[in-house]
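> sequence and predicted structure below; questions after.
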Amino acid sequence: MTCLRRAAIVALLPLLLIVALTPVAAQEPQSSGPAVSETQAPAAIPPTTATTDAAAPAKGSVQVGIHDLSPWSMFLSADIVVKAIMIGLAFASLLTWTIFVAKFLELSIVQRRLAQALKATAQAGSLQQSLEILRSDKSVLRSFMATAINEVRVSAGIDNDAGIKERAASRFSEVTRTEARRIRVGMGLLATIGATSPFVGLFGTVWGIMNSFIGISKTQTTNLAVVAPGIAEALLATAIGLVAAIPAVIIYNHFSRMTKGYMDLVGKASGATGRQLSRDLDRLQGAHLRRAAE
C-alpha cells in the first residue's frame, strides 16, 4: 500500500503542477497587457512631438550656417568698395604679366641683336665699313656708328681731333641715355604695382571688416557662422593684393638684372665706336701729314 501511494503521488505530481501553474499564466497576460498598453500609448506620443520639435530648429540652424565660401561667391557677395578694389588688383596683376611677356621678349631680342652686331663689326677697318655691315641691323650700335660718322662730317675742316672725339663722346652719352629710357619703359609700373598692391588690398580688408562689425551690431549676435563670411570676403582683398604684388616685385628685380646686362653691352658698343672713330681720325691725320710732306 505504501508503494502504491507513493506511485500514485508521483503520477499525480505533474497534474498538480499544471493545475497550480495554469491560473498564474492566465492572470499574467491579463494584468500585464493593459499596463503595457497604458504606459506605451501616452509615452509614444511625447517622444514623437519632442523629436519633431527638436528637429525643426536643427534643420533651420544648419540652413542658416551654410555659406558658399568659394572665391567667386565671396567676390559676388562683397561690398561694392571691396569689389572695386578686387577688380583693380586683378587688372594690376594682368598688367604685370603682360609687361613680363613683352619685356622678356624685347630684352632677349635686343641683347642678341647687339651681341651679334658687335661680333660682326669686330674686324671692320673703318666706321663706314662697319655701317655697311650693319645696313639692315636695328641695334643701338648702328646708331653709335651713324652718330660718329655724322660728327666727323659736321666737323670737316677742323684739325683738332680731340675736339671731335669729345663731341662724339657727348653724343654717345645722349644715345646711351635714350636707349636706357627706352629699355626701362614699363619698369616703373612694375615697381608701383609691387609697392602699392598690398596696401590697396589691406584697405579693402579694413573696409570689409568694418562692414562685418556693423552687421554684427545690427544682428546683435557674435555667432561665428554669421561673422565668418564677411571677414573671409574682406581677407580675400588682401590675398588678391599679395597675388598682384609678389610677382610684380620678382619680375621687377629680374628685369633690373637683365637691363643692367644690356646696358653693359651698350657701353661696349659705345666704346667700340669710339675706338673706331679714333682710328679713322688717326688715318685722316696721317693722310694729311703725308700730303703735307709731299
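Received, thanks.
> lowest average confidence, helix or strand, in the protein?
Sorting the helices and strands of the chain by mean pLDDT, DSSP states H and E puts helix 2-65 at the bottom, at a mean of 44.
> mind checking the SS state of residue 78?
coil (DSSP: H, G, I helix; E, B strand; the rest coil).
> my error: substitute residue 156 in the last question.
Once three-state DSSP is applied, residue 156 turns out coil.
> and it, what are its phi and psi?
Residue 156 has phi and psi values of phi -60, psi 140 when expressed as degrees, to the nearest 10.
> adjust the sequence numbering to begin at 360 for everything that follows.
Okay, using 360 as the starting number, the last item reads as residue 515.
> can you count the residues close to it?
7 (other CB atoms under 10 Å). Just so you know, the C-beta spots here come from the backbone N, C-alpha and C atoms, and that holds for glycine as well.
> list the contacts for residue 542?
The contact partners of residue 542, by CB atoms under 8 Å, 6 or more residues apart in numbering, come to 465-466, 469, 618, 621-622.
> which of those residues fall in helices?
Using DSSP state H, 465-466, 469, 618, 621-622 are the members of the contacts of residue 542 that sit in helices.
> among those, which one has the most neighbours?
When neighbours are counted by other CB under 10 Å, residue 621 leads the ones in helices among the contacts of residue 542 with 22 neighbours.
> how about that one: what's its closest non-neighbour residue?
On the basis of CB to CB, 6 or more residues apart in numbering, the spatially nearest residue to residue 621 that is not a chain neighbour turns out to be residue 470, at 5.3 Å.
> residue 555 now?
Per CB to CB, 6+ apart, closest to residue 555 is residue 604, 7.9 Å.
> right, and the one you found touches residue 553 too?
Yes - between residue 604 and residue 553 there is a contact at 5.2 Å, judged by CB atoms under 8 Å.
> contacts for stretch 517-527 next, please.
Applying CB under 8 Å, 6+ apart, the set of residues contacting stretch 517-527 from outside is 506-507, 510-511, 514, 633, 636-637, 640-641, 644, 647.
> closest one to residue 486 out of the residues you listed, please.
residue 507 (5.5 Å; CB to CB).
> tell me the contacts of the closest one?
486, 527, 530-531, 632-633, 635-636.
> one more time with 7 Å
486, 527, 632, 636 (CB atoms under 7 Å, 6 or more residues apart in numbering).
> I'd like to know how many residues surround the third one.
Neighbours of residue 632 under the rule other CB under 10 Å: 27.
> so which strand or helix has it?
helix 583-652 (DSSP states H and E).
> how far away from the center of its chain is that helix?
23 Å (CA atoms, centre = their mean, to the nearest Å).
> cool, stretch 507-524 as well?
The answer for stretch 507-524 is 55 Å, by CA atoms, centre = their mean.
> what is the end-to-end distance of that stretch?
One end of stretch 507-524 to the other measures 9 Å (CA to CA, to the nearest Å).
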